[in-house]
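**Student:** could you look at this predicted model? Sequence included:
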Amino acid sequence: MLTQTTTRVLEPSDLGAALAILESEPVANAFVTARVRIAGLDPWRLGGEMWGWYADGRLRSLCYSGANLVPICATPEAVRAFADRARRAGRRCSSIVGPAEPTAQLWRLLEPGWGPAREVRAHQPLMVTESLSAQVTPDPLVRRIRKDEMDVLMPACVAMFTEEVGISPVAGDGGLLYQARVAELIGAGRSFARIEDGKVLFKAEIGAATPHACQIQGVWVAPEHRGRGLSETGMAAVLRYALADVAPVVSLYVNDYNTPARRAYARVGFRETGAFMSVLF
């Protein structure tokens, strides 16, 4: 008996079914789940389309298509369907990112038409914790950033993004979208830093946040202060805030070649539970 499959853009009325898929893997899907919980499935509010793959009339897999292309709970057959749709639409995203296996399959199918990529990060360990480690004392000087400290924080944010992604976030639109995102996180009380003499020594944000899981991002230590353990004590402080105020499970993903960061996060209490992959254009 043949399985009947189809792929279509989801509509606001599909929200319940989409959330059921997203929340079946709350840690891996935290980024997209957070966006959908706030914006729903209307493409204008969501900032992109949500594609759904159906088998025998039941929604089984998703793919977010916006600034990022993100396969979600995607089976191999669903990935092929999403790749066909993406090829027809043409590349409009700045990256493909998601769990390593389906993202790798998606990129294999899209690379002949979309390649070459600027960079492919094939294995980015996904790290998770539900508790604070007793080995590292949280830095008492790491705190929430106030709205009136935006100008102090921005240079550190720009430096982190440029170092991590390889391009400046202020290119193109002059950084308006990036500044808006930083301001949004500050306003939500999810931006943290240690500031001394008007300069940021350590910073990190709680980016995606749902009732079930949240994700720490943008971890950065000023170059002249690296090697002093600030990443460990700073991360412990942010983790304490995250577990107390945001979600019971905290995650992050890190480049596999960044051995010092992986060791630091492990000492803070994170353990590797899977892997992401990023394709950057």
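**Tutor:** Now that the structure is in, tell me what you want to look at.

**Student:** show me the contact partners of stretch 212-221.
**Tutor:** 23, 26-27, 30-31, 156-157, 159-161, 163, 200-209, 230-231, 234-235, 238-239, 242, 246-252, 261 (CB atoms under 8 Å, 6 or more residues apart in numbering). Backbone N, C-alpha and C define where each C-beta goes, glycine included.

**Student:** give me that answer again for 6 Å
**Tutor:** The contact list for stretch 212-221 (CB atoms under 6 Å, 6 or more residues apart in numbering) reads 26-27, 30, 156, 160, 202-208, 230-231, 242, 246-247, 249-252.

**Student:** distance of Thr5 from Ile72?
**Tutor:** Applying CB to CB, to the nearest Å, the value for Thr5 to Ile72 is 16 Å.

**Student:** repeat for Ala55
**Tutor:** Taking CB to CB, one finds Ala55 at 15 Å from Ile72.

**Student:** of those two, who's got more company?
**Tutor:** Each of Ala55 and Ile72 has its neighbours counted (other CB atoms under 10 Å); Ile72 has more, 28 against 15.

**Student:** in this structure that one contacts Ser65, no?
**Tutor:** No - the criterion here is CB atoms under 6 Å, and Ile72 misses it with Ser65 at 11.0 Å.

**Student:** chain neighbours aside, what residue packs nearest to Arg8?
**Tutor:** Using CB to CB, 6 or more residues apart in numbering and skipping residues adjacent in sequence, the residue nearest Arg8 is Gly52, 6.0 Å away.

**Student:** contacts only, for the one you found.
**Tutor:** Each residue near Gly52 by CB under 6 Å, 6+ apart is listed here: 10, 59, 62.

**Student:** most neighbours out of these, which is it?
**Tutor:** Counting by other CB under 10 Å, top hit in the contacts of Gly52: Leu62 with 25 neighbours.

**Student:** need the residues that contact the helix or strand harbouring it.
**Tutor:** Using DSSP states H and E, Leu62 sits in strand 58-65. For strand 58-65, the surrounding residues in contact (CB under 6 Å, 6+ apart) are 17, 21, 32, 48-53, 70-75, 78, 82.

**Student:** before we move on, back to that, out of the contacts of stretch 212-221, list just those in strands.
**Tutor:** Judged by DSSP state E, the contacts of stretch 212-221 include 202-208, 250-252 as members of strands.

**Student:** closest to Arg121 among these?
**Tutor:** Closest approach to Arg121 among those (CB to CB): Leu252, at 14.3 Å.

**Student:** surely the closest one meets Val128?
**Tutor:** No - applying CB under 6 Å as the test, Leu252 and Val128 come out as separate, 8.4 Å apart.

**Student:** between these two, who's got more neighbours?
**Tutor:** For Leu252 versus Val128, neighbours defined as other CB under 10 Å are more numerous around Leu252 (25 against 19).

**Student:** how about the nearest residue to that one, chain neighbours excluded?
**Tutor:** Ile216 (4.5 Å).

**Student:** and Asp56, what does it touch?
**Tutor:** Asp56 sits next to 3-4 when contact means CB under 6 Å, 6+ apart.

**Student:** in terms of pLDDT, where does it sit?
**Tutor:** As summarised for this prediction, Asp56 has a pLDDT of 92.

**Student:** for Tyr257, helix, strand, or coil?
**Tutor:** coil (DSSP: H, G, I helix; E, B strand; the rest coil).

**Student:** use 520 as the first number for this chain going forward.
**Tutor:** OK, 520 is where the count begins now, so the last one is Tyr776.

**Student:** tilt between the host helix or strand of Glu620 and strand 577-584?
**Tutor:** Glu620 belongs to helix 619-633 when elements are defined using DSSP H and E. Interaxial angle, helix 619-633 versus strand 577-584 (axes from the mean of the first three to the mean of the last three CA atoms, to 10 degrees): 60 degrees.

**Student:** do a quick rundown of the strands in the stretch 520-669 of the chain.
**Tutor:** 524-528, 568-574, 577-584, 587-591, 614-618, 638-648, 662-663 (DSSP state E, counting those that start in this stretch).
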